[in-house]
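Enquirer: A predicted structure for the sequence below; I have some questions about it.
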Amino acid sequence: PSASNNQPRRFIVARRGTHAFETIVSALVGFNAAWAHNASVLVVGIAETSSVEGDLRPYAEYDLGQAIAHLSVQAQAEGLATHQMAGVEWDRVVAAFDLADNLKPLTITAVGTVDEAGKLPGALAERETAPRTRLPLDELVLLRS
């Protein structure tokens, strides 16, 4: 997906052990803060909501989502796991990386290998091993014709 080749997404890619990685980890909140420091890489997904000339890019968030989805599929094909997070103090990310007003960070994706759930703190280990459920199609599909 390229949005007419505007490519309205940007990324900050930070490897574990770097200052940028620690900066991102420090902005995480909740459960994310308890485990994400173990990831190999953290990727901040950023929507470029307008061009530098001020032309709005109304589909930038969708295009970023497409890019992250493709990243997730490719990572899986390469034997890696991804986990997207939104529990973040975004103002800290914006300030730390001096993001321009037209750059809106929306997600952080951890990339790495899956470790044993038992190494996580209690509530996280339970959450990781709990059965996964999804909404039934009748709740997701508004109209079938």
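Expert: Arrived safely, thanks for sending.

Enquirer: buried set for the worst-scoring helix or strand of the chain on mean pLDDT?
Expert: For the chain, scoring each helix and strand by mean pLDDT, DSSP states H and E identifies helix 122-129 as the least confident one, at a mean of 75. Across helix 122-129, burial judged by 16 or more other C-beta atoms under 10 Å covers residue 128. Yep, even glycine has a C-beta here, placed from its N, CA and C like the rest.

Enquirer: residues making contact with that helix?
Expert: For helix 122-129, contacts defined as C-beta atoms under 8 Å, 6 or more residues apart in numbering pick out 31, 34, 35, 117, 118, 119, 120.

Enquirer: what residues sit buried inside the top helix by length along the chain?
Expert: What stands out as the longest helix in the chain, according to DSSP state H, is helix 60-77. Of all the residues in helix 60-77, those buried under the rule 16+ other C-beta under 10 Å are 60, 61, 63, 64, 65, 67, 68, 71, 72, 75.

Enquirer: residues in contact with the last one?
Expert: For residue 75, the set of contacting residues under the criterion of C-beta under 8 Å, 6+ apart consists of 81, 82, 111.

Enquirer: scan this structure for its longest strand.
Expert: Under DSSP state E, the strand in the chain containing the largest number of residues is strand 103-112.

Enquirer: and that strand with helix 60-77, angle?
Expert: Compare the direction of strand 103-112 with that of helix 60-77 by axes from the mean of the first three to the mean of the last three C-alpha atoms, to 10 degrees and you get 10 degrees.

Enquirer: show me the helices in the chain, by range?
Expert: 19-27, 31-35, 60-77, 90-96, 122-129, 137-140.

Enquirer: nearest to residue 107, out of those?
Expert: helix 60-77 (6.2 Å; C-beta to C-beta).
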